[in-house]
Structure formats: C-alpha cells, structure tokens
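1. A structural model of the following input is requested.
(one chain, ligands or ions: 1)
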Amino acid sequence: MTLVVLRTHHGVCMQSFVRKGYNKIFIENFSNIMKFFNSNPLYKCIKLTNSCDHLCEYCPNKLYNNKCKYEKFVQYLDNSYQAIFNFDRKRQYSFQEINYIVKNNLNINIFETICSNCKWFYICKKSLKKIM
Ligand code: SF4
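-> The predicted structure is shown next:
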C-alpha cells in the first residue's frame with residue numbers, strides 16, 4: 001500500500017479496535033489495515049480526509065455515491081476531531097505520528113463528549129480506558 005486514506009475520526013476508532021464491526025468483511029479489511037500499519041509504523045502513507053476512506057470501502061453503510069449512510073453524523077465526528085488534532089490534510093503521516101497526535105490530544109472527557117452517540121461507544125470506551 002502506498003497510500004491509505006483515513007477519515008479523521010477513524011484515527012480514534014483505530015485506537016480501540018477489538019475486531020468488532022459491521023460485518024465479517026468490514027472486520028477483515030479493518031484488521032488488514034491495522035496489520036499493515038503495525039508492520040510499517042514509520043511509513044508516511046496516511047492521508048487524512050473527511051470523506052469515505054479505506055475503512056469505509058467494505059462497510060455496508062457506504063452508499064453508491066461514495067457517502068456514508070450516516071454522513072451528517074460522521075461529518076460531525078470528523079470535524080470535531082479535526083478541531084482537536086489539527087491534521088494537515090495536504091501531507092502524509094505515518095501510523096506512529098497519527099498515534100502520537102491522537103494519544104496526546106485525546107482524553108476520556110473529549111471522547112465521551114464527541115462519541116457518546118456512536119453505536120460503538122461502550123466498546124471503544126472500555127478499550128480506550130486501558131490505554132489512557
Ligand atoms: S459507518 Fe460510514 S464512516 Fe463508518 S466505516 Fe461505515 S461508511 Fe465509513
């Protein structure tokens with residue numbers, strides 16, 4: 001993979017991924033991307049976006065027009081986290097850099113404020129509490 005496109009809020013989802021998701025193929029794709037990142041932590045291959053990304057590719061909620069079924073909500077998540085992480089969408093980051101930025105700017109209060117209406121909230125909260 002030379003370029004992995006990632007929605008801004010997926011930088012948070014990645015921290016708490018425990019092989020749970022919308023269906024088998026979505027989980028498989030998510031796991032493969034995580035394996036790639038973990039094997040290449042310094043490779044600057046990640047570009048941040050606020051539209052559908054490589055994780056969305058196999059998601060049953062991705063629509064034909066390249067939008068998410070819950071576009072309004074996921075835009076809210078992306079914009080809220082972008083205001084905190086301040087990613088430069090013109091450059092590429094390594095997985096290590098993304099993790100550093102996310103872990104240094106995220107805490108449980110911010111996560112609870114932004115993500116409380118997400119269906120995965122309780123699963124992520126349990127995972128995030130272990131690393132924060
Ligand atoms: S729910 Fe929407 S934003 Fe989340 S992975 Fe699926 S298509 Fe992408």
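2. let me know the distance separating the residue nearest the centre of the chain from the ligand.
-> With distances taken as C-alpha atoms, centre = their mean, the residue of the chain nearest its centroid is His10 (0.9 Å). To the ligand, His10 is 7 Å away according to C-beta to the nearest ligand atom, to the nearest Å. C-beta: built from backbone N, CA, C; applies to glycine.
3. what's the burial count for the nearest residue to that residue once chain neighbours are set aside?
-> The shortest distance from His10 to any non-neighbouring residue, by C-beta to C-beta, 6 or more residues apart in numbering, is to Leu55 (5.3 Å). Neighbour count of Leu55, defined by other C-beta atoms under 10 Å: 22.
4. list the contacts of Leu55.
-> Neighbour list for Leu55: Leu6, Arg7, His10, Cys13, Phe26, Asn29, Phe30, Ile33 [criterion: C-beta atoms under 8 Å, 6 or more residues apart in numbering].
5. please redo it, this time with the cut-off set to 7 Å
-> Going by C-beta atoms under 7 Å, 6 or more residues apart in numbering, Leu55 touches His10, Asn29, Phe30, Ile33.
6. returning to what we had before: assess the claim that the residue nearest to the centre of the chain and His54 are in contact.
-> No. The pair His10 / His54 is not scored as a contact, 8.9 Å apart, by C-beta atoms under 7 Å.
7. can you tell if the helix or strand of the chain with the lowest mean pLDDT touches the ligand?
-> Every helix and strand in the chain was compared by mean pLDDT, DSSP states H and E; the lowest is helix 121-131, with a mean of 92. No. Helix 121-131 lies apart from the ligand when judged by C-beta under 6 Å from any ligand atom; the minimum separation is 12.7 Å.
8. quick one: pLDDT of the residue nearest to the centre of the chain?
-> The model reports His10 with a pLDDT of 98.
9. before we move on, back to that, ok, the residue nearest to His10 to the ligand distance?
-> Counting by C-beta to the nearest ligand atom, the gap from Leu55 to the ligand is 5 Å.
10. please apply the same query to Val12.
-> 12 Å.
11. can I assume that residue is in contact with Lys103?
-> No. The criterion here is C-beta under 7 Å, and Val12 misses it with Lys103 at 10.2 Å.
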